[in-house]
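# curious how this folds, go ahead:
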Amino acid sequence: YNRTDSDSRYVNVDGTTPVTITTTDNAATLSLVSTDADANVGPVLDLVRDSGSPADSDLLGSIKFIADDDGGNATTFASVSTQIGDASDGTESSALQIKAMNAGSLVSRADFLVSETVFNNGSIDLDFRVESNDNANCLFVDAGNDKIGIRTGTPQFGLSFSQGTSDSMNTFLKTAEMLA
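Numbering: from 1, shown residues only. Got it, this is the predicted structure:
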C-alpha cells in the first residue's frame, strides 16, 4: 500500500527503507491481532529470508533486545538467532542460539545445534539447575567448581547424590586414575 498524503495512521513501506516504530510510553509498540475463531494458530509472525542462493551456514534472522545501559550506550542485552545447518532439499537442518549479557559480554546461554544441544557454550561461570515438582535442585551443575549435584545444590564431589534432608546420602565416583 502506497499512500502519499501526510495521514499518520498509515505507514508507507517501499522495500528499500527500514521501518522504525516509536512510542513514548510502555504500551505495546506492535500488536499482531487475529480475530479468527477457528482452532488454527493465529496470529502468525513469519521472518522470511528469501535468498536466491541459500547455502549451508547462512544466517536466517535475529531478534535483538536492545536498551541503554546506565552510561547511555545502546546495548544488546539478549538475542535469539538462527542459521541454516544444511540447505539441501530433503535434508534441511538448522541451528538456534540464545545469547544473554553477562559481565559486559553477550555470551551463548543455549545453542540448539544440528547434532547437539549445548548450554553455557560460552564457558562462563554460570550454574545450571533443573527443578522437579518438590526439589529446587533436582539436577544442579556448579559451573565454577565443575561439579554436578543430583537432588543437591551444593555438590561436594565431581558427582554428588543426595536422598534428601532426613536420610542424606552422598555418593561420589572415582576414576581408575584417581585410585592408582
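# residue 101 - that's part of a strand, no?
Yes. If the criterion is DSSP: H, G, I helix; E, B strand; the rest coil, then residue 101 is within a strand.
# can you tell me the centre-most residue of the protein?
For the chain, the residue lying nearest the average C-alpha position, counting by C-alpha atoms, centre = their mean, turns out to be residue 98 (2.7 Å).
# tell me which element that one falls in.
Residue 98 is located in strand 93-102, with elements delineated by DSSP states H and E.
# which strands or helices does whatever helix or strand comes next after that strand pack on?
In the C-terminal direction, the helix or strand that comes right after strand 93-102 (DSSP H and E) is strand 105-112. Contacts defined by 3 or more C-beta pairs under 8 Å, 6 or more residues apart in numbering; DSSP states H and E place strand 105-112 against strand 74-86, strand 93-102, strand 117-119. (C-beta placed from N, C-alpha, C; glycine too.)
# got the buried residues for strand 105-112?
Along strand 105-112, the positions that meet the burial threshold by neighbour count (16 or more other C-beta atoms under 10 Å) are 106, 107, 108, 109, 111.
# residue contacts, the closest residue to the first one other than its chain neighbours?
Spelled out, that is residue 106. Leaving aside its chain neighbours, residue 106 sits nearest to residue 99 (5.0 Å; criterion: C-beta to C-beta, 6 or more residues apart in numbering). Contact analysis of residue 99 by C-beta atoms under 8 Å, 6 or more residues apart in numbering lists 78, 79, 80, 81, 106, 107, 108, 109, 122.
# got it, and residue 88?
Shown in contact with residue 88 (C-beta under 8 Å, 6+ apart): residue 56.
# picking up where we left off before, farthest pair in the contacts of residue 99?
Checking the contacts of residue 99 against each other with C-beta to C-beta, the farthest-apart pair comes out as 80 and 122, at 15.1 Å.
# which residues in this protein form strands?
All strands of the chain, identified by DSSP state E, fall at 59-68, 74-86, 93-102, 105-112, 117-119, 128-130, 139-142, 147-150, 159-161.
# the ones you listed: which one's closest to residue 44?
With C-beta to C-beta as the measure, strand 59-68 is the member of the strands of the chain nearest residue 44 (14.9 Å).
# report pLDDT for the closest residue in space to residue 68 that isn't next to it in sequence.
Spatially, and ignoring its direct neighbours in sequence, residue 68 is nearest to residue 74 (6.0 Å; C-beta to C-beta, 6+ apart). Among the per-residue scores, residue 74 holds a pLDDT of 95.
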